[in-house]
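J.: A structural model of the following input is requested.
(2 chains)
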Amino acid sequence: MLSRRQLLAASPTTLPLFLALSACKGPAVLSGPPPVASQTQMLLRTVTAEQNLIWIYNKAMAGYSALRPTLAPLLAEHRAHLAQLAARVVEPPGEKVPRAVTARPTLAATAGGALVQLRAAEQAAVARLLGQGLLGRASPSLAQLYASVAASEATHVTRLTSRIEQSHPGS
Amino acid sequence: MPAKAVAKKTPAKKTPAKKTPARAAEISALQGALAAEHAAIYGYGVVGAMLAGGPLSQARAYWIAHQEARDILEAMLVRLGATPIAASPAYRLPFAVTGEASAVRLAVLLEDGVAQAYLGVVAVTNVALRSFGALSMQPPANRAVAWRGTTVAFPGMP
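T.: Numbering: from 1, shown residues only, chains lettered A, B, ... in the order given. Okay, the predicted model is just below:
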């Protein structure tokens, strides 16, 4: 045990040595930003998924102008979904609301094929939104937004199915 | 309209349900959905009276779907130890239904009301009930589109 006199006499060069020998860790390092909450991560992924849907709708409308009357209202609703979802993101430090499309699938070679492709994308979006991990971990108001968006996208599936059947009865 | 189908109900097992705030919220949300289904069943009687042909067949199919949904909700409430609310003997219509156009308008309103009620179920904390509410929103959302002819961005949202 060091006496008070000995401790006061310790020079700036011996004090760090003493601290190291006595296993003292010294002052705590300032911690970085807290990890992004799982609810926020899921919301960010949902925003990205909506952007991917918008991308494929734009691509289909650019590729097949005859589909525009059917697709334009659905695309407008996806844009409304994206706006509402993005508005719920409180950007955590180091995380931005994603603005990049992460999936750029090749558009089907025919208009009918593109409709089938869009329908599959909508079905996948509904399934994703209603997954218990997403719905169960969200706050009540966010869960309601997910459910409403899922219901809207379920109506898109129905609308696209009708359009596919008009183009190819019996398909 | 066809005669009301009488569902055969098995005697419900009453489990002792704890009266927690969460449980009370679940019961309240389910009762809200049941009230909307009751209203829709009544309303479709009015709607159907003004329709013919294909639209009448559609109204009849939707009327039956609402009865099935009502039976499911009643069974769920009984399982939770609650007494399902009864339908009103009559409902005041939001506007005069005098022909096909107003009948269709009423059908849209009924379906929107049901979707909105199920959205209330989504706000409870019980994950299984949330999923039930979210899935149950889809048929009324689709039926509203069938009547309205157009989709909406946020079914069930005010």
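
J.: Could you use CA atoms for every contact and neighbour count after this?
T.: Noted.

J.: The chain: helices as residue ranges?
T.: Looking at chain A here, since you left the chain open. A:4-9, A:14-21, A:38-63, A:68-87, A:111-129, A:132-137, A:140-167 (DSSP state H).

J.: actually it's chain B I care about, not the one you picked
T.: Here chain B has its helices, by DSSP H, at B:21-49, B:53-79, B:100-122, B:127-148.

J.: Dump the helices of chain A into JSON lines; add mean neighbour count, mean pLDDT and distance to chain B as well.
T.: Output for these, formatted as JSON lines (neighbours: other CA atoms under 10 Å in any protein chain shown; pLDDT from 0 to 100; distance: least, CA to the nearest CA, whole Å):
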{"stretch": "helix A:4-9", "mean neighbour count": "10", "mean pLDDT": "60", "distance to chain B": "59"}
{"stretch": "helix A:14-21", "mean neighbour count": "12", "mean pLDDT": "55", "distance to chain B": "51"}
{"stretch": "helix A:38-63", "mean neighbour count": "19", "mean pLDDT": "93", "distance to chain B": "13"}
{"stretch": "helix A:68-87", "mean neighbour count": "17", "mean pLDDT": "97", "distance to chain B": "5"}
{"stretch": "helix A:111-129", "mean neighbour count": "19", "mean pLDDT": "97", "distance to chain B": "10"}
{"stretch": "helix A:132-137", "mean neighbour count": "18", "mean pLDDT": "85", "distance to chain B": "5"}
{"stretch": "helix A:140-167", "mean neighbour count": "22", "mean pLDDT": "96", "distance to chain B": "4"}
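
J.: Let me have those helices in JSON lines, adding distance to residue B:125 as columns.
T.: Formatted as JSON lines, the helices of chain A follow (distance: least, CA to CA, whole Å):
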{"stretch": "helix A:4-9", "distance to residue B:125": "59"}
{"stretch": "helix A:14-21", "distance to residue B:125": "51"}
{"stretch": "helix A:38-63", "distance to residue B:125": "15"}
{"stretch": "helix A:68-87", "distance to residue B:125": "21"}
{"stretch": "helix A:111-129", "distance to residue B:125": "17"}
{"stretch": "helix A:132-137", "distance to residue B:125": "8"}
{"stretch": "helix A:140-167", "distance to residue B:125": "7"}
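
J.: just for chain B, where's the confidence low?
T.: Low-confidence segments of chain B, defined by pLDDT under 70, span residues B:1-18.

J.: what about residue B:149, how many neighbours?
T.: Neighbours of residue B:149 under the rule other CA atoms under 10 Å in any protein chain shown: 9.

J.: that older thread, mind checking which of the helices of chain B is nearest chain A?
T.: helix B:127-148 (4.9 Å; CA to the nearest CA).

J.: is the closest one up against chain A anywhere?
T.: Yes: using CA under 8 Å from any CA of the partner chain, helix B:127-148 reaches chain A at B:127, B:130-131, B:134-135, B:137-138, B:141-142, B:145.

J.: which residue is nearest the middle of the chain?
T.: By default, I'm working from chain A. residue A:45 (1.5 Å; CA atoms, centre = their mean).

J.: nope, chain B
T.: Centroid check for chain B by CA atoms, centre = their mean gives residue B:37 as the closest residue, at 2.6 Å.

J.: ok, residue B:89 - how many residues close by?
T.: 6.

J.: Ignore what I typed, I meant residue B:24.
T.: Neighbours of residue B:24 under the rule other CA under 10 Å: 15.

J.: ok, now residue B:85?
T.: So residue B:85, with other CA under 10 Å, has 14 neighbours.

J.: ok, now which ones touch it?
T.: By CA atoms under 8 Å, 6 or more residues apart in numbering or on different chains, the contact set of residue B:85 is B:31, B:34-35.
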